[in-house]
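Any chance you could fold what I've pasted below:
(chains A, B and C)
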Amino acid sequence: MNASWSRFNISAIVLGFAFLYLPIVLLVIFSFNESKLVTVWGGFSTKWYVSLFHNQGLMDAAWVTIRVGLISATLATVLGTLAALALTRYTRFRGRVLFSGMVFAPLVMPEVITGLSLLLLFVAVGLDRGFFTLTLAHVTFSMCFVAVVVQSRLVTFDRSLEEAAMDLGAPPVKTFFQITLPVILPAIISGWMLAFTLSIDDLVISSFASGPGATTLPMKIYSQVRLGVTPEINAACTILIGIVAVGVIAASLVNKRREVQRLRDEQAAQRG
Amino acid sequence: MKGLVAAVTNRLVILVPYVWLLVFFLVPFLIVFKISLSTTAIAMPPYTPVLTLQDGLSALWAQFGEFSFDNYLWLTEDPLYFNAYLSSVVIAGISTFLTLLVGYPIAYGMARAPATIRPTLLMLVILPFWTSFLIRVYAWIGILKPEGLLNQVLLATGIIDQPLVILNTHSAIFIGIVYSYLPFMILPLYSALEKMDFSLIEAAQDLGCTPVGAFWKVTFPLSLPGVIAGCLLVFIPAVGEFVIPDLLGGSQTLMIGKTLWNEFFANRDWPVSSAVAVILLLLLVVPIMFFQQAQARAQEEGR
Amino acid sequence: MKSLGNIRREFAPWNNPDAKPYIQFKNVTKQFGDFTAVNNLSLSIYEREFFALLGASGCGKSTLLRMLAGFEEPTSGQILLDGQDLRGIPPYRRPVNMMFQSYALFPHMTVEQNIAFGLKQDGMAKADIEKRVAEMLKLVKLSQFAKRKPHQLSGGQRQRVALARAVAKRPKVLLLDEPLGALDKKLREETQFELMDLQQTLGLTFVVVTHDQEEAMTMADRIAIIDKGEVMQVATPAEVYEAPGSRFVADFVGNINTFEGKVADRNGAGATISSADLLIRTSNAGEIPVGTEVAFAIRPEKIKVSSKRPETGDNVMEGEVYDIAYLGDMTIFHVKLGDGQVVKASSLNATRATDDPLSWDDKAWISFRQDAGVVLTR
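Numbers count the residues shown, from 1 in each chain, chains lettered A, B, ... in the order given. Modelled structure (predicted):
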């Protein structure tokens, strides 16, 4: 396999990853630029970070974003997990085709349509747009992503684990909470993380579903970007990237350690 | 009694997400459809008729009479909308093809990388997806601007003597879409290629195929499910894309997502933007059905 | 009746007309859509019996086990356990436990917790659970692995945890679905005897599903041979081998030569069967009348091969050596007879060298006794 990993393959990967990461790296570098001109290097400075933290509007937006993210991700995880269970465990019920259609369609639905239709719903039922509607909208589109993640785990789930639990005397509900849930928990957690990321990242649906007083960070960044590129936005972006990078790296380190431990255990088991 | 509890929980597992999706996904579409048949009004909400049951059923029926297809006629009369649809599909199509061209070698390289570093490579592909989409698009503005980094580098190295105009052109949109949707292309391609038994290529070469021939006759056909899935995953959202044409394409670019947004936020013409949404949806029904079928098939295979 | 084989059985409740069956399948049918997995099947299993359901994959044997465990309900018919109808009783209230083919060990629990799981469901006191778990761990020789997770164990260890977990609740019946299928050959042979010892020690009724005839022969008191959802024969291993009831069973278990033909003549208990150009004399024709279409079946090891015509013998036939398979412990000769039929004959290599070696295309004689084969009508 190593021999066939030719120069072509290596350069494809190197160039590909350069393309994926260079813009982000440049963005981070220029957030430390002294000059107001984003593209001309004027020396190292952290002044944009300082002014960022004095920008009350941005700070408020960040707080709204985080709260919506936490609440909507949690609700979406519950609903998405239920949807995944319904899809994998109940192969026959009335309206299953419609149901699976509604679970998969939002994954590819253009955001402008989802956003517009939700807004029109809120108007039609006379719901004031704001934090609440924003959260409802986020739950709706992110639960489908959770459903897909959890479903792909459930498909490979060994049903004999549940049968074994029932065989040993555990009724179905107990079996679910003692066996099924703990085993699929990693998928549920990554579903939650995906829902949270989608929520804090969303611009289009938020713009439709939100009202005065509930501006999210992407909405704020978008309105400032339209006015022109400023290093302050670079700084804000850098912080967001930093948070994500730290989170992802930490998660992967934990995973890696667990993996190493598992390999070591398996070798120990082989020896007897 | 226990059986009843079980039956109720079974129902709830289906019912709760089902009702949620009906209320927040399906019903809103029906409302969009309804409003697309209404007339613009200067009021809140800015359209008539507003269907209510307050005046009884007969009044409701009378309100139905006010529905018209005027908005759709309007869309056919104004070439702006037709052009927007057409250029959305063309731009999304070209971008999808470019994404495939860029993504395939990367996915191929990853699939043939030593098994030990594959998980790391995979994580590196997914990682940008966790950073904000908006931020990643924004980053390109700084690069593609006339006085941006790309032009600075090219001028400094003497490759060009005049700054290239990229920002606010279609090229910028292509770059933006390829960049933003690349992971969506790479992941299905990678999973198709990784599953493939590479001894098949050795067998093909053993039977007299050249390496290039083996690629086109063995590797590519076997990766076709991944190619189709990747293309759909890029094409469908790209058609309705708003942020990329708005930030990178400038005011000249016509794309349907942007048109809808402008009708809604700038012109406050809710019925027309609803009609635009309905047509966009119709435009995407075929690829979305394709996608659903592919999903269902993948699910069957997984079982 | 003369006992078949050289094993004498003390335990044979099926021969006792007064013995009450412990598990009974009565006209059980199970359909999945259009597919009939089990077809009007009846079967009795006795207490403390080691019973094997033997058949090819897809024959319905696992469905039988799953119906007994309660994961499937029969479409029609009745399953009785100790006289009680099991219909409608969910798996978690049946006094049977199952050892799964995949072992189904809970990955998030330690060995200890896995074994204790079933006991906790019964609401057993904590101290008793601990005692029972320790006892079980000792029984399967895994005491030092109590705190490990399943993925930290080898295949054989996992198999033993699954076994300990299934017997921890002292079920009336233990169901084993291909219990040794995932083990390699050597480990499988060792474990067969461990399972038999365990069954003896605990005095449980074992019902094991397997596709491996050697495994079934080694372990089981009786074997039911299942094909297409129906029982072909229920008998002790020796009976199944020496007195198969049908062509299917004869062919399914072990190696056999079958000669299709007719009963040509009868004289007392003996008969002559004509098959192509051959006339075979047998003393095992029972009451089958002259003219019946039958198959004469004989195991290869019951046929003697020699390069010279044997002086005595009830059935002596001439042919030539067509193929030879040398297996180490024995050699199998394929001898082509005058009428074109090929007969397999195996001979034990009891000495390292033989003074009468046979080679390809050599002329050879085969011979067997009158009582060496069986006559099959089905």
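
who touches residue 151 in this structure?
Since you didn't name a chain, this refers to chain A. A:Ala83, A:Ala84, A:Leu87, A:Thr88, B:Gln299 (Cβ atoms under 8 Å, 6 or more residues apart in numbering or on different chains). Where you see a C-beta, it was placed from the backbone N, CA and C, and this is true even at glycine.

meant chain B, my bad for not saying
B:Lys145, B:Ile160, B:Pro163, B:Leu164.

name the element it belongs to?
According to DSSP states H and E, B:Asn151 maps onto helix B:149-156.

Kindly report the same for C:Lys26.
Taking DSSP H and E as the criterion, the element that holds C:Lys26 is strand C:23-32.

Tell me which other helices or strands that strand touches.
strand C:35-45, helix C:61-69, strand C:76-81 (3 or more Cβ pairs under 8 Å, 6 or more residues apart in numbering or on different chains; DSSP states H and E).

Just the buried residues of the helix holding B:Asn151, please?
Within helix B:149-156, the residues scored as buried using 16 or more other Cβ atoms under 10 Å in any protein chain shown are B:Leu149, B:Leu150, B:Asn151, B:Gln152.

That one: what's the following helix or strand?
The helix or strand immediately downstream of helix B:149-156 is helix B:170-195, counting by DSSP H and E.

Quick check: buried residues in that next one?
Quick answer for helix B:170-195 (16+ other Cβ under 10 Å): B:170, B:172-194.

For burial, what's the neighbour tally of the nearest residue to B:Pro128 once chain neighbours are set aside?
Once flanking residues are discounted, B:Pro128 sits nearest to A:Leu20: 5.4 Å by Cβ to Cβ, 6 or more residues apart in numbering or on different chains. By other Cβ atoms under 10 Å in any protein chain shown, the residues close to A:Leu20 number 20.

Contact partners for A:Leu20?
Listed by Cβ under 8 Å, 6+ apart, the contact set of A:Leu20 reads B:Leu124, B:Val125, B:Pro128, B:Tyr179, B:Leu182, B:Pro183.

what does the stretch 151-272 of chain A put close to chain B?
When proximity is defined by Cβ under 8 Å from any Cβ of the partner chain, the stretch 151-272 of chain A lies next to chain B at A:151-152, A:155-156, A:171-173, A:197, A:200-201, A:203-204, A:207-208, A:218, A:221-222, A:225-226, A:229, A:233, A:237, A:240-241, A:244-245, A:247-248, A:252.

And those, which of them are buried?
So, by 16+ other Cβ under 10 Å, the buried ones in these are A:151, A:155, A:171-172, A:197, A:200-201, A:203-204, A:207-208, A:218, A:221-222, A:225, A:229, A:233, A:237, A:240-241, A:244, A:248.

re earlier: nearest to chain C among the contacts of B:Asn151?
Proximity of the contacts of B:Asn151 to chain C (Cβ to the nearest Cβ) peaks at B:Lys145, which lies at 53.3 Å.

Could you give the backbone dihedrals for the spatially closest residue to the closest one that is not a sequence neighbour?
In space, and not counting its chain neighbours, B:Lys145 is closest to B:Leu167: 5.3 Å by Cβ to Cβ, 6+ apart. B:Leu167 adopts backbone torsions of phi -60, psi 150, taken as degrees, to the nearest 10.

per-residue pLDDT, B:Leu167?
Here, the pLDDT recorded for B:Leu167 equals 81.

in chain A, which ranges drop under the pLDDT threshold?
For chain A, the stretches with pLDDT under 70 are A:1-5, A:37-39, A:229, A:266, A:268-272.

Would you check that A:Pro106 makes contact with A:Thr114?
Yes - applying Cβ atoms under 8 Å as the test, A:Pro106 and A:Thr114 come out as touching, 6.3 Å apart.

what residues do those two have in common as contacts?
Residues within reach of A:Pro106 and of A:Thr114 at once, by Cβ under 8 Å, 6+ apart, are A:Thr140, A:Phe141.

Pick out whichever of these two has more residues nearby.
A:Thr114 (25 against 20).

and that one, what is it in contact with?
A:Pro106, A:Ala137, A:Thr140, A:Phe141, A:Ile205.

Mind checking which of the residues you listed land in helices?
Members of the contacts of A:Thr114 lying in helices (criterion: DSSP state H): A:Pro106, A:Ala137, A:Thr140, A:Phe141, A:Ile205.

For the fourth one, the count of nearby residues, please.
Applying the criterion other Cβ under 10 Å, we find 25 residues in the vicinity of A:Phe141.

how close does it sit to C:Asp82?
Going from A:Phe141 to C:Asp82 by Cβ to Cβ, to the nearest Å gives 56 Å.

Ok, the first one next?
The span separating A:Pro106 from C:Asp82 equals 54 Å under the rule Cβ to Cβ.

now do the second one
A:Ala137 is 60 Å from C:Asp82, where distance means Cβ to Cβ.

Phi, psi for the residue in the stretch 51-200 of chain A that chain B sits nearest to please.
Nearest residue of the stretch 51-200 of chain A to chain B (Cβ to the nearest Cβ) works out as A:Pro110 at 2.2 Å. With angles defined as degrees, to the nearest 10, A:Pro110 sits at phi -60, psi 140.

same deal with the one 5 residues further on?
The phi/psi pair for A:Gly115 (degrees, to the nearest 10) reads phi -60, psi -50.

Count the neighbours of it for me.
Neighbours of A:Gly115 under the rule other Cβ under 10 Å: 28.

what stretches of the stretch 101-250 of chain B score poorly on pLDDT?
Counting by pLDDT under 70, the stretch 101-250 of chain B shows no low-confidence range.

Could you check which helix or strand contains the residue of it found nearest chain C?
Residue nearest to chain C within the stretch 101-250 of chain B: B:Pro119 (18.1 Å; Cβ to the nearest Cβ). Using DSSP H and E, B:Pro119 sits in helix B:118-130.

Quick one: residues in contact with that helix.
Defining contact as Cβ under 8 Å, 6+ apart, one finds that helix B:118-130 is touched by A:13, A:17, A:20-21, A:24, A:197, A:244-245, A:247-248, A:252, B:106, B:110-111, B:113, B:136, B:182-183, B:186-187, B:190, B:194.

which outside residues touch the following helix or strand past that helix?
Once the chain leaves helix B:118-130, the next helix or strand it forms, by DSSP H and E, is helix B:133-144. Applying Cβ under 8 Å, 6+ apart, the contact partners of helix B:133-144 are A:23-24, A:26-27, A:30, A:38-39, A:201, A:203, A:218, A:221-222, A:225, A:229, A:233, A:237, A:240-241, B:128, B:148-150, B:166-167, B:172, B:175-176, B:179-180, B:243-244, B:247-248.

go with 6 Å
A:23, A:27, A:38-39, A:201, A:203, A:218, A:221, A:225, A:229, A:237, B:148-150, B:166-167, B:172, B:176, B:243-244, B:247 (Cβ atoms under 6 Å, 6 or more residues apart in numbering or on different chains).

Can you list the buried residues in the longest helix along chain C?
Scanning chain C for the helix with the most residues, using DSSP H, yields helix C:185-202. If you call a residue buried by 16+ other Cβ under 10 Å, then helix C:185-202 has these buried ones: C:Arg188, C:Thr191, C:Gln192, C:Glu194, C:Leu195, C:Met196, C:Leu198, C:Gln199.
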